[in-house]
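**Q** Would you be able to build a 3D model of this:
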Amino acid sequence: MLLMPNTKRKLVPVAKPSKADGTQKKRKPLEVGPDNRTLPQRLHWLMGQNGVSQAGLARMCSEYYATFVPDCQDKVKQQHIFNVLQGQESSSILPLIAQVFDVSDMWLQYGIGPMERAKH
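**A** Okay, the predicted model is just below:
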């Protein structure tokens, strides 16, 4: 329980927000692709192979995005990368990550098909 001061300088208890039934939100299990890896595992592996940190990847994704939307700086934050690595939803930045690492979107997200991006 959080305590917040009121105008008379007494501490007033404030209840933490929760779901109506009192349960915590459960994460859905991560999908394991045909390559026996999850999306966070594939991304972690890519980052290790390329020597890229979370902040570095966020910067690279933002720079790539800025080539299409010049007035938009720092589109991707380090927190977005962290969320992907934690298995949280972040499908909006996955195409940027795939492009930066030059890998297939389908391989990155689902482990399907070849890792390399198709050459046109």
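
**Q** List the contacts of residue 50.
**A** Residues in contact with residue 50 (CB atoms under 8 Å, 6 or more residues apart in numbering) are residue 101. All C-beta atoms are positioned from the backbone trio N, CA, C, and that covers glycine.

**Q** Can you list the low-confidence ranges for this structure?
**A** Judged by pLDDT under 70, the chain has its weakly predicted residues at 1-27, 120.

**Q** give me that answer again for 50
**A** 5-17 (pLDDT under 50).

**Q** where along it do the helices fall?
**A** Secondary structure of the chain by DSSP state H: the helices cover 39-50, 54-66, 78-85, 94-101, 105-110.

**Q** Tell me, how many residues neighbour residue 78?
**A** When neighbours are counted by other CB atoms under 10 Å, residue 78 registers 15.

**Q** That one touches residue 60, doesn't it?
**A** No - counting by CB atoms under 8 Å, residue 78 does not reach residue 60; the two are 11.6 Å apart.

**Q** want to try JSON lines for the helices of the chain, with distance to residue 119 as columns?
**A** JSON lines is the format used below for those (distance: least, CB to CB, whole Å):
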{"stretch": "helix 39-50", "distance to residue 119": "19"}
{"stretch": "helix 54-66", "distance to residue 119": "18"}
{"stretch": "helix 78-85", "distance to residue 119": "26"}
{"stretch": "helix 94-101", "distance to residue 119": "14"}
{"stretch": "helix 105-110", "distance to residue 119": "15"}
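
**Q** need the contact list for the residue nearest the centre of the chain.
**A** Centroid check for the chain by CA atoms, centre = their mean gives residue 84 as the closest residue, at 2.7 Å. By CB under 8 Å, 6+ apart, the residues touching residue 84 are 39-40, 43, 90, 93-94, 97.

**Q** closest to residue 106 among the residues you listed?
**A** Nearest to residue 106, judged by CB to CB, of the contacts of residue 84 is residue 94 at 10.2 Å.

**Q** Just give me the neighbour total for the residue nearest to the closest one when sequence neighbours are not counted.
**A** Using CB to CB, 6 or more residues apart in numbering and skipping residues adjacent in sequence, the residue nearest residue 94 is residue 109, 5.5 Å away. Neighbour count of residue 109, defined by other CB under 10 Å: 18.
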